[in-house]
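In: Got a sequence here, can you model it:
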Amino acid sequence: MGLLQRDGLYRLRHAKGYSSQYSTICSATSSNGFIAGTGRLAGADPREIAKADVVVLWGTNAAATQVNVMIHAAVARRERGARIVVVDTYRNATAKQADLFVCVRPGTDGALACAVMHVLFRDGHADRGYMARHTDCPQMLEAHLASRTPQWAAAITGVPAETIESLATLIGAHPRTFLRLGYGFTRQRNGAVNMHAVSCIAAVTGAWQHEGGGALHGNGAIYHWDKTLIEGLDARGPAVRVLDQSRIGAILTGDSDALRGGLPVTAMLIQNTNPMSVAPDLARVHAGFARKDLFVCVHEQFMTETAQAADVVLPATMFLEHDDIYQSGGHSHILLGPKLMEPPGECRSNHEVLCALARRVGAEHRGFRMSAREIIDETLTASGWPGIAQLERDRWFDCQPDFRSAHYLDGFAPGQPNDDFPDW
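Out: Purely as a prediction, here's the structure:
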């Protein structure tokens, strides 16, 4: 979903004081792992991949999900003789195109990254001058990694020690190494630590200094959105409890800690998600949805597992049937998704349903009296971008920062001059 149709539900929550949520299922671990080092979710321009000497695709099946990445990597290989490295848990479509495929046990990427950095320090590939200027504790990190040998990591990761040596040597010998970091290796309990460890490789080699070098996970910080109108942030009360999305099973089965000591949840409006299939702890999730005293309304495009468990199902529009605005994660553009056709039958967009509900439950906020296009236009201008009319003319806004900013050459994060190395 785009920003409006996905996040407008917060406006109803805030206007009525309903329970809010921490969005912990999707990218919380990966984003926070990257931010732990850089201070913000932004990285090198993905178009620089075409100027890299080594392209490391870590935990992402880019051949299936990121056409732009594979195009740039193919250009780098053809024009510069670049090597493509894939780190993943199985030989997927991307791995089949790699010069070096590193098959790692699920969840052990942090150990692999430690061993890579061990070799970088041991063999003189660490850029000590860069680390002295831009990182917080390189000597402590080097001392800590002294025992994290390729042999140590091999026992944990299942990657042969000689493969780890080859990977580290390849990265160390080429300062223009671009690390494109996906979500796959963060989808577990220690995901943030894995991301932090892998992202530190670029700091150890000083790859951030070079065009075609550095790292990218996501670009959310470059858009500097003001989502006050979309989310109704001006109506948010300080006393509203915020529940953990990933603990929906515990919440619906009455766990006091998950409920933050508050009352049980007795009614739910669900948009944009299928928790009966994708949420953790599915046995408890299913038990919670089976409660006789729980009212569930699902606004959906398909009869999903969650829709089948609902008391009421409302038909939802597809993306071509409503207006929305999109930010990219793997590149740097804002896009308008205009309504191109009328929806069938009684299908309504998320925004239309929320506005209709707001009238019926007495939720007061000016966003409920505005069209989708009006909200998009005001959100753009409030965020420092031209309005919707120019976006329609231009088709997209390229928001990529300049090289110096994108590569953190003046320091990592505002007020935080150094990349924080992990303390493990």
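In: can you give me the strands in this structure?
Out: Assigned by DSSP state E, the chain shows strands spanning 20-22, 54-58, 83-88, 100-103, 177-181, 214-216, 242-244, 267-271, 295-300, 312-315, 324-327, 333-337, 396-398.
In: CSV for those, including distance to His134, mean neighbour count and mean pLDDT?
Out: The C-beta positions use only the backbone N, C-alpha and C, and glycine is treated the same way. Listed next are these as CSV, based on distance: least, Cβ to Cβ, whole Å; neighbours: other Cβ atoms under 10 Å; pLDDT from 0 to 100:
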stretch, distance to His134, mean neighbour count, mean pLDDT
strand 20-22, 31, 16, 93
strand 54-58, 20, 27, 99
strand 83-88, 24, 24, 99
strand 100-103, 27, 18, 99
strand 177-181, 16, 27, 99
strand 214-216, 12, 26, 98
strand 242-244, 35, 16, 96
strand 267-271, 42, 18, 98
strand 295-300, 47, 20, 98
strand 312-315, 51, 16, 98
strand 324-327, 28, 22, 98
strand 333-337, 28, 18, 97
strand 396-398, 27, 14, 97
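In: and of those strands, who's closest to Pro386?
Out: Among the strands of the chain, strand 396-398 comes nearest to Pro386, with 7.2 Å by Cβ to Cβ.
In: just checking, what packs against the closest one?
Out: strand 333-337 (3 or more Cβ pairs under 8 Å, 6 or more residues apart in numbering; DSSP states H and E).
In: Dump the C-alpha coordinates for the strand it packs on into PDB.
Out: Output of strand 333-337 as PDB, limited to C-alpha atoms (Å, rounded to 0.1, in the frame of the first residue of the first chain):
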ATOM      1  CA  HIS A 333      11.800   8.100  -5.900                       C
ATOM      2  CA  ILE A 334       8.300   9.400  -4.800                       C
ATOM      3  CA  LEU A 335       5.600   8.200  -7.200                       C
ATOM      4  CA  LEU A 336       1.900   9.000  -7.600                       C
ATOM      5  CA  GLY A 337      -0.400   6.100  -8.000                       C
END
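In: ok, and what's touching it?
Out: 2, 223, 319, 323-328, 376, 380, 385, 388, 391-392, 395-399 (Cβ atoms under 8 Å, 6 or more residues apart in numbering).
In: picking that back up, kindly reformat the strands of the chain as CSV containing distance to Arg348.
Out: What follows is the strands of the chain, written out as CSV (distance: least, Cβ to Cβ, whole Å):
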stretch, distance to Arg348
strand 20-22, 23
strand 54-58, 40
strand 83-88, 40
strand 100-103, 46
strand 177-181, 38
strand 214-216, 37
strand 242-244, 26
strand 267-271, 11
strand 295-300, 8
strand 312-315, 7
strand 324-327, 14
strand 333-337, 17
strand 396-398, 27
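In: right, and those - which one's nearest Ala363?
Out: For the strands of the chain, the distance to Ala363 is smallest for strand 267-271, at 12.1 Å, taking Cβ to Cβ.
In: Determine how far that closest one lies from the middle of the whole chain.
Out: Centre-to-centre, strand 267-271 and its host chain are 24 Å apart (Cα atoms, centre = their mean, to the nearest Å).
In: just stretch 290-308 next, same as before
Out: 27 Å.
In: How about residues contacting that stretch?
Out: With contact meaning Cβ under 8 Å, 6+ apart, stretch 290-308 is reached by 252, 265-271, 273-277, 288-289, 309-318, 350, 353.
In: For stretch 58-69, list every residue counted as buried.
Out: Using 16 or more other Cβ atoms under 10 Å as the burial criterion, the residues of stretch 58-69 that qualify are Trp58, Gly59, Thr60, Asn61, Ala62, Ala63, Gln66, Val69.
In: got the end-to-end distance for it?
Out: End-to-end distance of stretch 58-69 (Cα to Cα, to the nearest Å): 12 Å.
In: closest to Lys227 among the buried residues of stretch 58-69?
Out: Using Cβ to Cβ, the buried residues of stretch 58-69 come closest to Lys227 at Gln66, 25.6 Å.
In: which residues sit in contact with Leu314?
Out: Cys297, Val298, His299, Glu300, Arg348, Val353.
In: Reformat those residues as TSV; add distance to Val361.
Out: Below are these laid out as TSV (distance: Cβ to Cβ, whole Å):
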residue	distance to Val361
Cys297	12
Val298	18
His299	15
Glu300	21
Arg348	16
Val353	12
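In: nearest to Thr94, of those residues?
Out: Of all these, Thr94 sits closest to Glu300, with 31.5 Å by Cβ to Cβ.
In: how near is the closest one to Gln21?
Out: Distance from Glu300 to Gln21, counting by Cβ to Cβ, to the nearest Å: 18 Å.
In: Asp127 now?
Out: Asp127 is 42 Å from Gln21, by Cβ to Cβ.
In: got it, and Ile325?
Out: Distance of Ile325 to Gln21, given as Cβ to Cβ: 22 Å.
In: so how far is stretch 16-30 from its chain's centroid?
Out: With Cα atoms, centre = their mean as the basis, stretch 16-30 stands 13 Å off its chain's centre.
In: wait, stretch 146-158
Out: Distance of stretch 146-158 from the chain centroid (Cα atoms, centre = their mean) equals 28 Å.
In: same check, this time on stretch 275-293
Out: Relative to the mean C-alpha coordinate of its chain, stretch 275-293 is positioned 25 Å out (Cα atoms, centre = their mean).
In: Quick check: end-to-end length of that stretch?
Out: For stretch 275-293, the first-to-last residue distance is 18 Å (Cα to Cα).
In: residues of it that come out buried?
Out: Neighbour-count burial for stretch 275-293, counted by 16+ other Cβ under 10 Å, picks out Pro275, Met276, Ala279, Arg284, Val285, His286, Gly288, Phe289.
In: Which of those fall within helices?
Out: Applying DSSP state H to the buried residues of stretch 275-293, the entries found in helices are Pro275, Met276, Arg284, Val285, His286, Gly288, Phe289.
In: Make a markdown table from those residues and add distance to Phe185 to it.
Out: Below are those laid out as a markdown table (distance: Cβ to Cβ, whole Å):
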| residue | distance to Phe185 |
| --- | --- |
| Pro275 | 24 |
| Met276 | 26 |
| Arg284 | 26 |
| Val285 | 25 |
| His286 | 28 |
| Gly288 | 30 |
| Phe289 | 31 |
